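> Here you go, sequence then predicted model.
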Amino acid sequence: MKALVYLAPGKKNLEDRPIPEITSPMDAIVKVTKTTICGTDLHILKGDVPTCEPGRILGHEGVGIIDKVGSGVTEFKPGDHVLISCITADGKCEYCRKGMYSHCINGGWILGHKIDGTQAEYVRIPYADTSLYKIPAGADEDAIVMLSDILPTGFECGVLNGKVQPGSTVAIVGSGPIGLAALLTAQFYSPSEIIMIDLDDNRLAVAKKFGATATINSSDGKAPEKLMKMTNGRGVDTAIEAVGIPATFNICEDIVAPGGTIANIGVHGTKVDLHLERSWSQNISITTRLVDTFATPMLLKTVVSKKINPNLLISHHFKLDTILEAYETFGQAAKTKALKVIIDV
Ligand SMILES: [Zn+2]
Ligand SMILES: [Zn+2]
């Protein structure tokens, strides 16, 4: 089968690999029909994720058809149409029993990281019963791919951790796919304002279409001043960090109102200054999280019933044969206006 393989920092290729086999009774082999590329895959390719070893097939998002199941799998059978979660969960360990599947001692984020991933014709999914979801008949496959990672991540790490409330004010720093996923799902709670902050006017224009009430281009370094002016000097109840660099976290510190919450989503590679000399008296909370995907079944219902339309997040389509081109396009988003790219396998 064809598979996108991480070879070394800065190096990847589309290679021929054997089709994976069942290695444990709880495994399923899924014939992938659609996958996508995540910002995290770009981090791996930069060498930022040393736990991902060369030779790994990348990808932790996708949908497909069950090809084979191990003898212990009871919820799925060959032919079932399934959503693959970016988080693998055994469903039994201490963390899983708390709903914190991201820290499952036998799973967590392993797909396309510690085990071979979804950017291939077939993928082996451990603990299939608790790591896959059935896709209802007639659902739009492209939209469902957005449920593997970015919608639950934006919702759980941004909206829920950020305690978005009816009538509250929200700012989302970073208008890429994850920030936009937070923007879409924040609207479940009817906040009065959602202000999007980004360096790229195209992404801010997209955010307006997605329901942002205002946008701020931060390229002049004056985003906090502009936001404070917009909010009569008050700041926002929820500041969601959706980039993962010190500058964007610092904006969140500058704009959170007393009593507010900074909800971090971004994958940070370097340390960030925490301005406790200003925030010690401000009653603020700072949250971090790796997506648990406990909200995936709920989000699946909202997508199937068209309460939200994640197709808006998809900018490009490619075939697996041209996945290297898809990486080029996704990696140069400012130039190509790429959001999520769907790869048909
Ligand atoms: Zn991801
Ligand atoms: Zn577990």
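Great, that's in hand. Ligands and ions are numbered 1, 2, ... in the order given.
> Tell me the buried residues in stretch 226-239?
Residues of stretch 226-239 classed as buried under the neighbour-count rule (16 or more other Cβ atoms under 10 Å) are Lys226, Leu227, Met228, Met230, Thr231, Gly235, Val236, Asp237, Thr238, Ala239. Yep, even glycine has a C-beta here, placed from its N, CA and C like the rest.
> domains of the chain?
2-149+292-344, 152-287 (automatic domain parsing).
> And the longest one, end to end?
Spelled out, that is domain 2-149+292-344. 12 Å (Cα to Cα, to the nearest Å).
> quick one: it near ligand 1?
Yes: contact between domain 2-149+292-344 and ligand 1, assessed by Cβ under 5 Å from the ion, occurs at Cys38, Thr40, Asp149.
> For the last one, grab the count of nearby residues.
Meaning Asp149. The number of residues packed around Asp149, counting by other Cβ atoms under 10 Å, is 29.
> Would you mind giving the secondary structure of Ser291?
Careful, residue 291 is Val; it's not Ser. Classification of Val291 into helix, strand or coil gives coil, according to DSSP: H, G, I helix; E, B strand; the rest coil.
> so what pLDDT did the spatially most central residue of the chain get?
A centroid search over the chain (Cα atoms, centre = their mean) returns Ile150, at 2.7 Å, as the residue closest to the centre. Ile150 carries a pLDDT value of 97.
> Which residue ranges of the stretch 1-150 of the chain form strands?
When assigned using DSSP state E, counting those that start in this stretch, the strands of the stretch 1-150 of the chain occupy the ranges 2-8, 11-16, 28-36, 56-57, 62-69, 81-84, 122-125, 132-134.
> Quick check: Glu121 vs Leu147, distance?
Here the distance between Glu121 and Leu147 works out to 21 Å (Cβ to Cβ, to the nearest Å).
> Have a look at those two and say which one is more surrounded.
The residue with more neighbours, out of Glu121 and Leu147, is Leu147; 29 against 17, by other Cβ under 10 Å.
> What count of nearby residues applies to Lys77?
By other Cβ under 10 Å, 11 other residues sit near Lys77.
> do the one 5 residues further on as well
For Val82, the tally of surrounding residues (other Cβ under 10 Å) stands at 23.
> and it, what is it in contact with?
Residues in contact with Val82 (Cβ atoms under 8 Å, 6 or more residues apart in numbering) are Ala28, Val30, Val63, Gly64, Ile65, Ile66, Phe76, Leu132, Tyr133, Lys134, Ile135.
> Tell me the residues on the protein that lie near ligand 2, please.
Taking Cβ under 5 Å from the ion as the criterion, the neighbours of ligand 2 within the chain are Asp90, Cys93, Cys96, Cys104.
> can you count the residues close to the last one?
So that's Cys104. Applying other Cβ under 10 Å, we find 24 other residues in the vicinity of Cys104.
> re the thing from before, the residue nearest to the centre of the chain reaches Leu312, doesn't it?
No: taking Cβ atoms under 8 Å as the contact criterion, Ile150 and Leu312 are not neighbours in contact, 11.8 Å apart.
> just to revisit the earlier point, so which of the strands of the stretch 1-150 of the chain gets nearest Asp200?
Proximity to Asp200 (Cβ to Cβ) singles out strand 28-36 among the strands of the stretch 1-150 of the chain, at 20.0 Å.
> by contact count, what packs against that closest one?
In this structure, strand 28-36 makes packing contacts with strand 62-69, strand 81-84, strand 122-125, helix 141-145, strand 340-344, judged by 3 or more Cβ pairs under 8 Å, 6 or more residues apart in numbering; DSSP states H and E.
> which of these is buried the deepest?
Using mean count of other Cβ atoms under 10 Å, the stretch among the helices and strands packed on strand 28-36 with the greatest mean number of neighbours is strand 122-125 (a mean of 25).
> neighbours around Thr215, how many?
Around Thr215 there are 19 other residues, counting by other Cβ under 10 Å.
> quick check, it in a strand?
Yes: secondary structure of Thr215, determined by three-state DSSP: located in a strand.
> For it, give me its contacts.
Counting by Cβ under 8 Å, 6+ apart, Thr215 makes contact with Ser175, Ile195, Met196, Ile197, Asp198, Leu204, Ala205, Ala207, Lys208.
> Since that was my last question, I'll sign off now.
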